[in-house]
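**Q** predicted model, plus sequence, below.
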Amino acid sequence: MTENTETKKEIKILAIESSCDETAAAVVVNGRDLRSNVISSQIALHTLYGGVVPEIASRKHIEKINQVIEQALSDAQMTLDDIDAIGVTYGPGLVGALLVGVAEAKAIAYARNIPLVGVHHIEGHISANYIENKDLEPPFLALVVSGGHTHLVRVVDYGKYEILGRTRDDAAGEAFDKVARAIGLGYPGGPKIEKVSHEGDPHSIEFPRAKIVGGVYDFSFSGLKSAVLNYLNGCRMKGLEINQADVAASFQQAVTDVLVGHAENAIDEFKMDKFAIAGGVASNGVIRHAMEEMCARKGVKFYRPSPILCTDNAAMIGAAAYYDFIAGKRSGLDLNAVPNLKLGE
């Protein structure tokens with residue numbers, strides 16, 4: 001830790017996130033004090049195409065990034081002169097989208113001589129829990145469930161992670177999107193399936209809950225997705241009516257059961273008394289409620305970010321960047337986007 005970070009009472013991080021289809025900037029003080037959080041979403045644009053189009057996402061980031069940074073500083077009542085470090089997502093994600101944020105962060109860092117901290121996107125999701133839960137300290141167990149990732153992680157310390165399990169194929173969020181498209185709900189799949197499922201019976205259709213040989217905490221949702229598609233095709237071939245709500249609810253329940261089961265087993269094995277969820281799919285009310293019930297039954301403290309901090313945002317990047325910064329981590333101006341970056345690299 002440098003003398004500057006030891007003596008300063010407030011470390012102000014300007015954070016930038018552009019890994020997929022949200023252009024975001026935030027100002028976070030001391031890792032947990034959120035001063036601003038600006039998000040420019042592209043959902044309406046990509047809905048026209050049924051999913052995220054990388055080239056369009058990158059161009060939109062270029063169009064919006066200066067605007068969101070200026071707004072984040074304005075909302076925080078700060079200027080770049082007040083900022084102690086720039087935190088930016090450099091992976092994983094869409095390479096073109098990541099490059100926009102990384103280039104912007106490097107330009108500001110160079111022009112204003114401000115330290116730069118590259119942040120892993122999944123570490124950011126985990127760190128979102130620090131912002132609203134001031135009592136949360138490592139060690140704890142975290143489940144990150146998003147469009148591109150499903151990770152079960154032991155948070156050993158700030159910036160130190162042990163991956164217990166990850167997805168072998170489709171992430172949970174991908175499965176939500178593909179199933180939503182198959183039953184005619186469109187994009188984005190997660191919120192639409194959750195909404196429709198309120199009218200359905202989650203036990204009406206018995207979809208599989210995959211177990212991975214040789215990876216007790218790994219996840220696989222491609223088989224579940226295929227089972228849903230086969231069910232739909234079977235109904236159509238037989239001329240049977242498809243109850244959209246029942247399919248959505250039963251699929252959602254199958255995903256929930258797998259996530260809760262893995263989390264519960266890990267809590268038991270590693271004797272954890274704190275459990276946190278994160279990522280876009282963690283905003284799903286059914287999954288949140290099931291996790292909360294499981295934790296209450298086991299006497300485990302349950303943490304979850306507000307939905308706005310579950311989906312991609314820069315506040316979470318600022319929280320992660322703070323702990324990396326005070327640990328002495330710095331990135332050079334040769335920082336590059338790493339679309340397949342693994343946690344811990």
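**A** Ah, there it is.

**Q** burial count for residue 159?
**A** 17 (other CB atoms under 10 Å). For the C-beta atoms, the positions are set from N, CA and C on the backbone; glycine is no exception.

**Q** could you point out the longest helix of the protein?
**A** Scanning the chain for the longest helix, with DSSP state H as the assignment, gives helix 244-270.

**Q** and it, what does it pack onto?
**A** Judged by 3 or more CB pairs under 8 Å, 6 or more residues apart in numbering; DSSP states H and E, helix 244-270 is in contact with strand 140-145, strand 150-157, strand 160-166, helix 172-182, helix 189-197, helix 222-238, helix 285-298.

**Q** what does the last one contact?
**A** By CB atoms under 8 Å, 6 or more residues apart in numbering, the surrounding residues in contact with helix 285-298 are 143, 145, 194, 197, 202, 252-253, 255-256, 259-260, 263-264, 267-268, 275, 277, 281-282, 300-302, 304.

**Q** now swap in stretch 327-341 and tell me
**A** Under CB under 8 Å, 6+ apart, the answer for stretch 327-341 is 1-2, 88, 90-95, 98-99, 102, 105-106, 109-110, 115-118, 120-121, 158-159, 345.

**Q** which of those fall in helices?
**A** Per DSSP H, those map to helices at 95, 98-99, 102, 105-106, 109-110, 121.

**Q** which of those residues sit farthest apart?
**A** Farthest apart among these by CB to CB are 110 and 121. That separation is 22.9 Å.

**Q** for these two, indicate the residue with more neighbours.
**A** residue 121 (26 against 11).

**Q** and the pLDDT for the more buried one?
**A** Here, the pLDDT recorded for residue 121 equals 97.

**Q** that one: what's it in contact with?
**A** With CB under 8 Å, 6+ apart, residue 121 has these contacts: 17, 19, 89, 91-93, 312, 317, 341.

**Q** at 10 Å what do you get?
**A** 17, 19-20, 89-93, 98, 144, 146, 148-149, 279, 312, 316-317, 320, 341, 343 (CB atoms under 10 Å, 6 or more residues apart in numbering).

**Q** likewise residue 123?
**A** 89, 142, 144, 153, 155, 158-159, 161, 316-317, 319-321, 323-324, 341, 343-344.

**Q** what's the PyMOL line that selects buried ones from those residues?
**A** Listed next is the PyMOL selection for buried residues among the contacts of residue 123, using 16 or more other CB atoms under 10 Å:
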select buried, resi 89+142+144+153+155+158+159+161+316+317+319+320+321+323+324+341+343
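
**Q** just the buried ones from the ones in helices among the contacts of stretch 327-341, in PyMOL syntax?
**A** The PyMOL command for the buried members of the ones in helices among the contacts of stretch 327-341 (criterion: 16+ other CB under 10 Å) is given here:
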select buried, resi 95+98+99+102+105+106+109+121
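
**Q** any chance of the ones in helices among the contacts of stretch 327-341 in CSV, plus distance to residue 33?
**A** Shown next, in CSV, are the ones in helices among the contacts of stretch 327-341 (distance: CB to CB, whole Å):
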residue, distance to residue 33
95, 32
98, 27
99, 30
102, 25
105, 21
106, 26
109, 22
110, 27
121, 22
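
**Q** ok, so of the ones in helices among the contacts of stretch 327-341, who is nearest residue 28?
**A** Closest to residue 28, out of all of those and judged by CB to CB, is residue 105, at 14.5 Å.

**Q** now the closest one, nearest residue through space, not along the chain?
**A** In space, and not counting its chain neighbours, residue 105 is closest to residue 88: 3.6 Å by CB to CB, 6 or more residues apart in numbering.

**Q** and that neighbour, how many neighbours does it have?
**A** Neighbours of residue 88 (other CB under 10 Å): 30.

**Q** that one reaches residue 324, doesn't it?
**A** No - applying CB atoms under 10 Å, one finds residue 88 not in contact with residue 324, separated by 11.3 Å.

**Q** find residues that contact each of these two.
**A** 117-119, 331.

**Q** which members of the residues you listed are the farthest-apart pair?
**A** Once CB to CB is applied, the shared contacts of residue 88 and residue 324 give 119 and 331 as the farthest pair, at 9.1 Å.

**Q** higher neighbour count, the two?
**A** residue 119 (31 against 23).

**Q** which residues does that one contact?
**A** With CB under 10 Å, 6+ apart, residue 119 has these contacts: 13, 15-17, 87-91, 105, 127, 314, 316-325, 329, 331.

**Q** what does residue 142 give?
**A** Residue 142 touches 122-123, 125-127, 129, 151-155, 161, 164, 263, 272, 274-279, 282, 303, counting by CB under 10 Å, 6+ apart.
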